[in-house]
Every structure is written in structure tokens, then in C-alpha cells.
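Student: Please work out how this folds:
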Amino acid sequence: MAKPISLEKILFSQGFGTRRYCSDLVYADLIKVNGVLALDPEERIPTEGLVLNVEGKDWEYHEKAYIAFNKPANYECSHKTTHHPSVYSLLPAPFVERGLQCVGRLDYDTTGLLLISDDGQFIHKMTTPKKNIGKVYEITTPDPITQSQIDHLLKGVMLEDDPKPCFAAACKLLSENCLAMTIVEGRYHQVKRMMAAVGNHVAKLHRVEIGAYVMPLDLAEGEWRWLYPDDLKALSKRIEV
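Tutor: As a prediction, this is how the structure comes out:
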């Protein structure tokens, strides 16, 4: 069990500002600890199961942050954007303050499941192809998807300026113009380029699953939620080859 730490340090670690500012929040009677008004920023608090209330809003304590986010279209997965607003603008300020990063990126026009964390080891684990963790995309196309195109995706396609073929780990035809495709890599515009290579075109791209974690149906576009140990276990499920 982790040792209790000072309330000031807890608030600082969660991204609520400088340590001085966090102390001032306590002195201003703006902090509750498990429902009880906090009076001393130096009070040592057990962190297990800790729920803070900061300026009227509840906040679960997490030493490392792991969240699932339902990315809308026309947002960039970057702190320094070029043409569109950042996905970080849709997150609570403490997440930005504590340095959360997208776990891989989705194109500005791609929607769906995006992981965000401040755990560097987790980010590396979830993005390296060596871990063989599948990502499932629902692909909507203007033209019907043929069995020949699916077979080609499963056998592997060559992309321009890329010496290694790209393979779909799995494909499931959802409708005449919608395909669920699983990949384990994350090359630049990979899904769009793969569909172009087999003679079709991506009109809409939506990620629904990573590992064995399926984006919850009640997670609205532009919303986020904490990931817990069972979620992280599901995310880490590898594709058996």
C-alpha cells in the first residue's frame, strides 16, 4: 500500500497548478477530501480510493492517468495544431497540465477510440507493432467492397514508398460499403492507403476497438472516461498468430 502523501503534493501531481496554487486552493476552502472539507495542505492523505472535490467538481486520484476518449472529426491529436483545434482542448485542464499524450494518433477526420495517458511505458507498449495488439477500424467506402479486395488486404498490399507490405490481421464485412478491419501497425494514413491500394476509397473511418477493449456505446463523441485495471488488461490482449 502506498504511503500517505501531502494534500498539496497530491493536487500538484493531478495537474491542479503549482504547489503554491494548490495550497491556496486548500486555504480558500475549495478542496474536499472524500467529502470532507480540507483545512491543511500539508496533511498527509492515503491515496487509495481517494476522491477529491476541487472547486465543486469531483476528481478521482490516479497516480498515472489512463483514459479512453471518443474523438470527434475535425480535431488534431497534437498540442501544436496546424488547421484544426486540438483534442486536448476537449479535456479537463489538469490533464493538459500534467502532460497527457495521445497513444498514437488518429487523422483529423478519423473518429472513435483514442487512448490518452501520461505513462510513457504504456504509450510505448500500445503503439509498438511488436506487441501485436490489434486496432479495429470501421471503414465506410463510396464503392461496394468486394471479396477480392478483402482477400488482397489479408494477403498484404504494397504501399508507395514503403518496402514492406501491409497486412490486415482480420476483415469482417459489415455491409456492402462497410468493412471492419483489424491492423497491428500504425503507419502513416495506413488504412486509407491500404484501401486505395486495393482500388477503393475511404469515405469515413472510425476506430471502435483496441486489443479486446471495445469503446463503450454510452461514451459520447467528445467525452472521456477513466480506464481501470480490467480495461488495461483488455487493451493489452494480443492477436494470436
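Student: Under the pLDDT cut-off, which ranges of the protein? List them.
Tutor: 1, 240-241 (pLDDT under 70).
Student: so the closest residue to Thr18 other than its chain neighbours, which of the three states?
Tutor: The shortest distance from Thr18 to any non-neighbouring residue, by C-beta to C-beta, 6 or more residues apart in numbering, is to Phe12 (7.2 Å). Every C-beta, even on glycine, is put in place using the N, C-alpha and C of the backbone. Each residue gets one of three states, and Phe12 gets helix by DSSP: H, G, I helix; E, B strand; the rest coil.
Student: Tell me, how many residues neighbour Phe12?
Tutor: For Phe12, the neighbour count with other C-beta atoms under 10 Å is 20.
Student: residue contacts, it?
Tutor: Residues counted as contacts of Phe12 (C-beta atoms under 8 Å, 6 or more residues apart in numbering) are 18-19, 22.
Student: ditto for Tyr66
Tutor: When contacts are taken as C-beta under 8 Å, 6+ apart, Tyr66 is in contact with 115, 117, 119, 122, 226-227, 231-232.
Student: please redo it, this time with the cut-off set to 7 Å
Tutor: With contact taken as C-beta atoms under 7 Å, 6 or more residues apart in numbering, Tyr66 is in contact with 117, 119, 122, 227, 232.
Student: Nearest residue to the middle of this protein?
Tutor: Centroid check for the chain by C-alpha atoms, centre = their mean gives Leu115 as the closest residue, at 1.0 Å.
Student: is it true that Arg105 touches Cys77?
Tutor: Yes: assessed by C-beta atoms under 7 Å, Arg105 is found in contact with Cys77 at 3.9 Å.
Student: Give me the more crowded residue out of those two.
Tutor: Comparing Arg105 with Cys77 by other C-beta under 10 Å, the one with more neighbours is Cys77, at 21 against 17.
Student: ok, the more buried one touching Leu106?
Tutor: Yes: contact between Cys77 and Leu106 holds when scored by C-beta under 7 Å: they sit 5.8 Å apart.
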